Every structure is written in structure tokens, then in C-alpha cells.
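A.B. asks: Sequence and predicted structure are below.
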Amino acid sequence: MNQLTALQQHSVIVADTGDLDAIARLKPQDATTNPSLILQAAKDARFRPLVDAALAAGGDTEVVLDRLFVAFGCEILKRIPGRVSTEVPARLSFNTDATLARAQSLIEQYETAGIARERVLIKVAATWEGIRAAERLEKAGIHCNLTLLFGFGQAVACAEAGVTLISPFVGRIYDWHKTARGVADIAPEEDPGVASVTRIYQYYKKYDYATQVMGASFRKTEQIVRLAGCDLLTISPELLDKLAATEGDVPARLTVEAARAADAPRIPLDEAGFRWMLNDDAMATDRLADGIRRFDADARKLAEFVGTLGAGRTAA
């Protein structure tokens, strides 16, 4: 048995990519996208027809980009049995009403394309404003994946808001601590990203929150196997291939039984408490801001790329 097959016995495997061919080959349950992944895919000649179709339908750049995100999402859903995550623009991370409107627009486009909303997760940054938007979206039957999650307070607030799914970023936490410590690597058993997801999982299961935990942003397979048993794990095609090429069993590391026995006091959290916990965690504060900037930068690069193609079509 290879490690990927063994891992699938404990966790739902999700592909973290916009590469349609990789998704078809790897056959994950779900798939996640973000502006960075869609930018990579849009520049790939194999998927240029999707870009051309989004441009041909007209509209301003934002309309075209949303149409492109949904087009990739629809194509992904043809290749998987589960759900796809589609992200609201990062620049809306501090605007609850704008996040709501954009999420509703994306779901309407999916439904117009014949995709039931149950098969779509709207990705929203786990800011206070984003969490409040997600809470309202969930009540309207629009399910959310709260992303750019680095701090424990973010996780607590998401669970209290009743969101469907959170995506704690293992690799980016690991990167920050590696730089802060001035080391080339951190041993898997001491990995702060793995420890963060473990703590969140234990807290959720101990207090019976319905919100699922999906470990994300992995740098190496050792991080992944140490989270076997997590509800879901979203993994790049490169690491999925490495897991599939490595023989060996993967025991469950996270279990509901162990979580319920864990010493994890419940944390009451209002807006002031959320903001203080985030402010008090230098890594989480830095990574959240950096992640928003990076996703916005890639969204702007995608807009520029699509705009250049559109200008070429007009000139022709």
C-alpha cells in the first residue's frame, strides 16, 4: 500500500490546484482553487479555451474574472465527485457587505451553469469581517471555506460562526517559524504548522463543532502524514504524486477519541477578544496580512493577463 492510499483511509483528500488534467489523473474527492492557482492555470495553453470563452462573453475585467473562476470550477466539478472551492477577491477581506454580494454573485453563476450550491464552497479570508460575512452566507445556504487561517482565535471564531470548513495553512506557519528561528528546517514532531492544526482539530472535536478542519499549504509529505485523521487535507499535485510513490502505512494521528480527552478549555470570543488574540500572535498577524496581499497581487496579475488578451482580441 502506498502512503496516499493509506492516508485516504483516515482523511478526505482534496487537490489544491487549478490544473484540470492533474485533477482528472489524481481523482481527489474535492478540489480547492485560489487566484494564484487560477493565474497559473490561465497561462497554460491547455486551458486557454476557458479564458477565451470568459472574454468572449464580454463585461469589465472583474466580471470576466468571476466568469473565469466559475468556468474553472465547473470544469473541475466534471472531474470530481465532491466540491470545489472558489475564492472571493482578497481585497474584499475587510468588507462584509461586499464579500456577501460577491459570494452571492458567484453562487448565482454556478447555479445558472447547472451546479447546485451544495457542490461549491465560497472561500473567504478569516478576518473578523470575512467571518461575519460567512456566518450570514451559511444561514442563506451558501457554504464557506475560511482561508488564510493562521491563529487559534481565527479558528474559534469560525467555529462559533458555524462555517462549513476552515483551511489552516500549515506550510506558511512553518515558513514563518523557520525564518524566525534562522534554521533550514524544523523536525516534523516539532512543526508549529502541524501543531496548530492538531490543536484546532482537538478543540473542534472536544466541543462538537460541526465545522470541518482541512489542513492546507503543505511543504513536505512529512507534514501531511502527521495530520492523518484530519477531516480533510488539501494537497498539491506534486505532493500527492510523492505520497503515491512512497510505500508504507500511515497511521491515524488525529482521532475524535483522543481529541475529546484533550485538555482544551473553551474560549469565549467576541470581536475585541478576536482582535486581541490575532494581535497577540505575531506569526498569525504577519501571515494573514501577507496572504491577503499575495492573493490580491496575483488577482491583479490575472486581471492584467486577461486584459492583455482582451485587448489583443479587440485589435484583431
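C.D. replies: Done, it's in.
A.B. asks: ok, now how distant is the spatially closest residue to I186 that is not a sequence neighbour from T33?
C.D. replies: Among residues not flanking I186 along the chain, K178 sits closest, at 5.8 Å (C-beta to C-beta, 6 or more residues apart in numbering). (Each C-beta comes from the backbone N, C-alpha and C, glycine too.) Counting by C-beta to C-beta, to the nearest Å, the gap between K178 and T33 amounts to 27 Å.
A.B. asks: what about these two, which has more around it?
C.D. replies: Set side by side, K178 and T33 show more neighbours around T33, with 21 against 17, by other C-beta atoms under 10 Å.
A.B. asks: Might you report the residue contacts of that one?
C.D. replies: T17, G18, F69, F72, G73, I76, V84, S85, T86, E87, K123 (C-beta atoms under 8 Å, 6 or more residues apart in numbering).
A.B. asks: Correct me if wrong: the third one contacts L106.
C.D. replies: It stands for F69. Yes. When contacts are counted by C-beta atoms under 8 Å, F69 is listed as touching L106 (7.1 Å).
A.B. asks: the more surrounded of these two?
C.D. replies: With neighbours defined as other C-beta under 10 Å, F69 and L106 compare such that F69 has more, 27 against 23.
A.B. asks: Check what pLDDT that one gets.
C.D. replies: We have a pLDDT of 94 for F69.
A.B. asks: How about it: what's its closest non-neighbour residue?
C.D. replies: Once its chain neighbours are removed from consideration, F69 has its nearest residue in T86; the separation is 5.2 Å (C-beta to C-beta, 6+ apart).
A.B. asks: residues in contact with stretch 193-210?
C.D. replies: The list of residues contacting stretch 193-210 from outside it, by C-beta under 8 Å, 6+ apart, reads 150, 152, 155-156, 159, 162, 166, 168-174, 177, 188, 211, 213, 215, 217, 223, 226-227, 229-231, 253-254, 256, 258-260, 262, 264, 266.
A.B. asks: Now do the shared contacts for F69 and L106.
C.D. replies: Shared contacts of F69 and L106 (C-beta under 8 Å, 6+ apart): T86.
A.B. asks: Now do the strands in the stretch 1-150 of the chain.
C.D. replies: Listed in chain order, the strands found in the stretch 1-150 of the chain under DSSP state E, counting those that start in this stretch are 12-16, 30-32, 84-87, 120-125, 144-149.
A.B. asks: do you know which of those lies nearest V183?
C.D. replies: Put simply, out of the strands of the stretch 1-150 of the chain the one that sits nearest V183 is strand 144-149, at 24.1 Å, with distance taken as C-beta to C-beta.
A.B. asks: In contact with K242, which residues?
C.D. replies: Going by C-beta under 8 Å, 6+ apart, K242 touches T221.
A.B. asks: and the gap between it and L227?
C.D. replies: If you measure K242 against L227 using C-beta to C-beta, the figure is 15 Å.
A.B. asks: Next: L68.
C.D. replies: Following C-beta to C-beta, the distance that separates L68 from L227 is 32 Å.
A.B. asks: Looking at these two, which one has more neighbours?
C.D. replies: Between L68 and L227, counted using other C-beta under 10 Å, L227 has the larger neighbour count: 26 against 22.
A.B. asks: Does Q154 touch A125 like I think?
C.D. replies: No. With contact taken as C-beta under 8 Å, Q154 and A125 are classed as non-touching, separated by 9.5 Å.
A.B. asks: Identify the contacts common to these two.
C.D. replies: L146, L288.
A.B. asks: and A289, how many neighbours?
C.D. replies: Other residues lying near A289 total 13 when counted by other C-beta under 10 Å.
A.B. asks: For F274, find the nearest of the strands of the stretch 1-150 of the chain.
C.D. replies: Go through the strands of the stretch 1-150 of the chain one by one with C-beta to C-beta and the one that ends up closest to F274 is strand 144-149, at 12.4 Å.
A.B. asks: And the contacts of the closest one?
C.D. replies: Under the contact criterion C-beta under 8 Å, 6+ apart, strand 144-149 has outside partners 32, 34, 85, 87, 93, 103, 121-126, 130-131, 134, 137-138, 154-155, 158, 163-169, 214, 216, 287-288, 291-292, 295.
A.B. asks: Before I go, just wanted to say thanks for your time.
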